[in-house]
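**Student:** here is the input, now give the coordinates:
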Amino acid sequence: MPSIRAFTITYDALNEYGTFSEGDTITGSVTLALLKETKVESLFVKAKGDADVRWTHKSGDRTHTYSAHRRYFKLKQFLIPEGSKDTVLPQGNHVYRFSLNIPPGSMPSSFKGHHGKIVYMLVAKLSRSWKIDSVAEKELNFVSKCVPNLHALRMQQVGSTKKETGIFSRGQVHMDATVDKTAYAAGETMVITAKINNSTSSDMIPKISLVRDVVYRASSSNKFESQTVHKVVENCVKSQTQREIRCGIKIPCDYLLTIQNCEIITVDYHLKVYLDISFAFDPKIKFPVVILPPDIVSGFQSGVAMGPSPGGAVGGPSHSDFPPPQVSMGPYPASPHSGGYRYPAVQSYSAPPPAYPANPPMYTGPPCVYPSQPTHMSEGYNNPVPQQPSPYGSPFSSSSSSSVLHPPPAVPRFHSPPSAPEIQPFPPAISPSAPTYNLLPSAPMMHTDFLSQSDEGPPAYALLFPSSTTETSDGK
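**Tutor:** Model (predicted):
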């Protein structure tokens, strides 16, 4: 007869979107339902974030495999300490509360593609003697707060192109295009305006495409994917006519977010406004587009301060005990399919601003630097984070009266080493007074104006600087 009826893990949502970001605190419960009394060796919960890419390429008879891995953090908390062979749990439901702090810094948003993924997981594992470990998992929807400078990304974009047509038509075509801004969130509408002057002998069709470019990187090799996620076709512009078109593209909720802070996976968007001309190269204008989480854009539009980040950079709302990281701006690398455009980069650490009354002090430590690992955490995990005191009171609320509720482990107390004995200062040493020296006599004060018009000669040198000692002539 099995002893475990159910083993699950749940987390508490921080916002209406159910997302987590850098510096947030993950709280939740691990529920263990036992059918009979059970001896347990250990029970722990861990949170981790990883990025992986993998693809194969066949060359002749050989197949090359490319793969890469990046770990952003891994946190572990024991709910039943490891090696507790004498821990016997009675029959019934046992609910264990946990609390884990995501480290601050720049980490990419969740992503899943054909050749790679960025996944953040919450895992609980129960170990018993001579039994297979029981595992419960829950995926976290992670949204990065490290975004480009929204103040710059909300400005209007303007582009222009002029082209002489080819052999099959004569004349010149000129097009000016504008996009209302660069950064958009799900549900927002992108407004595009184009003015076309067709001075050629050919008709042309204006088209607008929103393209997503994904790049996977591994072992000095890249894998590219380009997909048109939205396309608009306007009415034909006749020869020797002018026309202005205006259209809107609504950003769906299922669009992938822009990712520029991952070393092995990059997600970019660009808008292409072009004229389809038969038997000729199409004139086109490209605009960079950034897809952001809705809470970040809405917070910026409402004027809510998302954090004291310099340079206008803001982040999404955070419920973390960690203050938001300081940032500095830099250029993004050019997208391989974007025509070489660039736009501001994600946030990175920089020197803190001065602390004024209206500007509270911020976290000034460098990234990936945390205090020493508490004793209740397992050794060998990257980016250990100190566990905070339990934010949960007692008793805990529960729908089942027979459940045993276990609060998070207490924070270990560290005793400071005994202080060194006080050292008595030595009595001040009395130094002898410095000897006095007789200074050379200064030149006598003269009351004669040497610059006035006079026939008198200048005073003798001996009169100005008399000798301090009497010189004796040797008679030579």
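**Student:** next one: residue 203 from residue 129, what distance?
**Tutor:** 80 Å (C-beta to C-beta, to the nearest Å). Backbone N, C-alpha and C define where each C-beta goes, glycine included.
**Student:** got it, and residue 76?
**Tutor:** 21 Å.
**Student:** and residue 257, by the same measure?
**Tutor:** 45 Å.
**Student:** in terms of neighbours, single out the busier of those two.
**Tutor:** Neighbour count, other C-beta atoms under 10 Å: between residue 257 and residue 129, residue 257 has more, with 20 against 8.
**Student:** from what I can see the more buried one touches residue 292, true?
**Tutor:** Yes - judged on C-beta atoms under 8 Å, residue 257 makes contact with residue 292 at a distance of 6.8 Å.
**Student:** just the buried residues of the helix or strand encompassing residue 195, please?
**Tutor:** Assigned by DSSP states H and E, residue 195 belongs to strand 189-198. For strand 189-198, the neighbour count (16 or more other C-beta atoms under 10 Å) marks 190, 192-194, 196-198 as buried.
**Student:** can you pull the contacts of the nearest residue to residue 249 once chain neighbours are set aside?
**Tutor:** Leaving out its chain neighbours, the residue that sits closest to residue 249 by C-beta to C-beta, 6 or more residues apart in numbering is residue 190, at 4.5 Å. By C-beta atoms under 8 Å, 6 or more residues apart in numbering, the residues touching residue 190 are 179-180, 184, 210, 248-251, 271, 289.
**Student:** now do the helices in the protein.
**Tutor:** For the chain, the helices defined by DSSP state H occupy 150-153, 294-301, 461-464.
**Student:** neighbours of residue 280, how many?
**Tutor:** Residues lying near residue 280 (other C-beta under 10 Å) number 19.
**Student:** and it, how far from residue 295?
**Tutor:** Residue 280 is 45 Å from residue 295, by C-beta to C-beta.
**Student:** which residues of the protein score low on pLDDT?
**Tutor:** 1, 84-85, 148, 166-168, 297-402, 409-476 (pLDDT under 70).
**Student:** how about a cut-off of 50?
**Tutor:** For the chain, the stretches with pLDDT under 50 are 303-401, 414-416, 429-432, 434, 436-444, 446-454, 469-476.
**Student:** domain-wise, how is it divided?
**Tutor:** Under the assignment automatic domain parsing, the domains of the chain span 4-143+377-406, 150-298.
**Student:** bridging residues for residue 269?
**Tutor:** Beta-bridge pairing for residue 269 (DSSP bridges): residue 212, residue 289.
**Student:** make sure it is actually in contact with residue 292.
**Tutor:** No - counting by C-beta under 8 Å, residue 269 sits too far from residue 292 to count as a contact (10.9 Å).
**Student:** neighbour-wise, which of the two wins?
**Tutor:** Higher neighbour count among residue 269 and residue 292: residue 292, with 26 against 23, using other C-beta under 10 Å.
**Student:** that one and residue 185 touch, don't they?
**Tutor:** Yes - between residue 292 and residue 185 there is a contact at 5.3 Å, judged by C-beta under 8 Å.
**Student:** quick one: residues contacting residue 128.
**Tutor:** Neighbouring residues of residue 128 by C-beta under 8 Å, 6+ apart: 38-41, 134.
**Student:** switch the cut-off to 7 Å
**Tutor:** Shown in contact with residue 128 (C-beta atoms under 7 Å, 6 or more residues apart in numbering): 38-41.
**Student:** neighbour-wise, give me the winner out of those.
**Tutor:** The residue in these with the most neighbours, by other C-beta under 10 Å, is residue 40 (22 neighbours).
**Student:** how near is that one to residue 32?
**Tutor:** Residue 40 sits 8 Å away from residue 32, taking C-beta to C-beta as the criterion.
**Student:** next, show the common contact partners of those two.
**Tutor:** Joint contacts of residue 40 and residue 32 (C-beta under 7 Å, 6+ apart) are residue 126.
**Student:** how close does residue 61 sit to residue 125?
**Tutor:** 43 Å.
**Student:** what about these two, which has more around it?
**Tutor:** More crowded of residue 61 and residue 125, by other C-beta under 10 Å: residue 125, with 18 against 5.
**Student:** wait, the more buried one sits on residue 135?
**Tutor:** Yes - counting by C-beta atoms under 7 Å, residue 135 is a contact partner of residue 125 at 5.3 Å.
**Student:** leaving aside the residues next to it on the chain, what's closest to residue 246?
**Tutor:** Excluding its sequence neighbours, the residue lying closest to residue 246 (C-beta to C-beta, 6+ apart) is residue 193, at 4.9 Å.
**Student:** so who does that neighbour touch?
**Tutor:** Residue 193 makes contact with 177-178, 246 under the criterion C-beta under 7 Å, 6+ apart.
**Student:** try it again with 8 Å
**Tutor:** By C-beta under 8 Å, 6+ apart, the neighbours of residue 193 are 177-178, 244-246.
**Student:** restricted to strands, list those residues.
**Tutor:** Counting by DSSP state E, these place 177-178, 244-246 in strands.
**Student:** pull out the buried positions in stretch 267-283.
**Tutor:** Here stretch 267-283 shows 267-277, 280, 283 as buried, counting by 16+ other C-beta under 10 Å.
**Student:** save those as TSV, and put in distance to residue 159 too.
**Tutor:** Formatted as TSV, these follow (distance: C-beta to C-beta, whole Å):
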residue	distance to residue 159
267	23
268	17
269	16
270	12
271	10
272	10
273	7
274	11
275	13
276	17
277	18
280	20
283	11
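**Student:** pick out the most distant pair among the residues you listed.
**Tutor:** For these, the farthest-apart pair by C-beta to C-beta is 267 and 280; their separation is 32.5 Å.
**Student:** just read off the phi/psi values of residue 187.
**Tutor:** With angles defined as degrees, to the nearest 10, residue 187 sits at phi 100, psi -20.
**Student:** how many other residues sit next to the residue nearest to residue 137 when sequence neighbours are not counted?
**Tutor:** Closest residue in space to residue 137, ignoring its immediate chain neighbours: residue 123 at 5.1 Å, by C-beta to C-beta, 6+ apart. Neighbour count for residue 123, taken as other C-beta under 10 Å: 16.
**Student:** got the contact list for residue 123?
**Tutor:** Neighbouring residues of residue 123 by C-beta under 8 Å, 6+ apart: 9, 45-48, 135-138.
**Student:** who's it bridged to?
**Tutor:** If you apply DSSP bridges, the partners that residue 123 bridges to are residue 46, residue 137.
**Student:** quick check, residue 192 in contact with residue 209.
**Tutor:** No - the criterion here is C-beta under 8 Å, and residue 192 misses it with residue 209 at 10.8 Å.
**Student:** could you dump stretch 94-108 to CSV, C-alpha only?
**Tutor:** Taking Å, rounded to 0.1, in the frame of the first residue of the first chain, the C-alpha atoms of stretch 94-108 are listed here in CSV:
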residue,chain,number,x,y,z
HIS,A,94,1.2,18.3,6.0
VAL,A,95,1.5,21.8,4.6
TYR,A,96,5.0,23.3,4.6
ARG,A,97,5.4,27.1,3.9
PHE,A,98,8.5,28.3,2.1
SER,A,99,10.0,31.7,1.0
LEU,A,100,12.7,32.2,-1.6
ASN,A,101,14.2,35.5,-2.8
ILE,A,102,15.1,35.8,-6.5
PRO,A,103,18.4,37.6,-6.7
PRO,A,104,18.6,41.0,-8.2
GLY,A,105,20.3,41.7,-11.6
SER,A,106,19.5,41.3,-15.2
MET,A,107,17.8,38.0,-16.2
PRO,A,108,15.9,37.3,-19.4
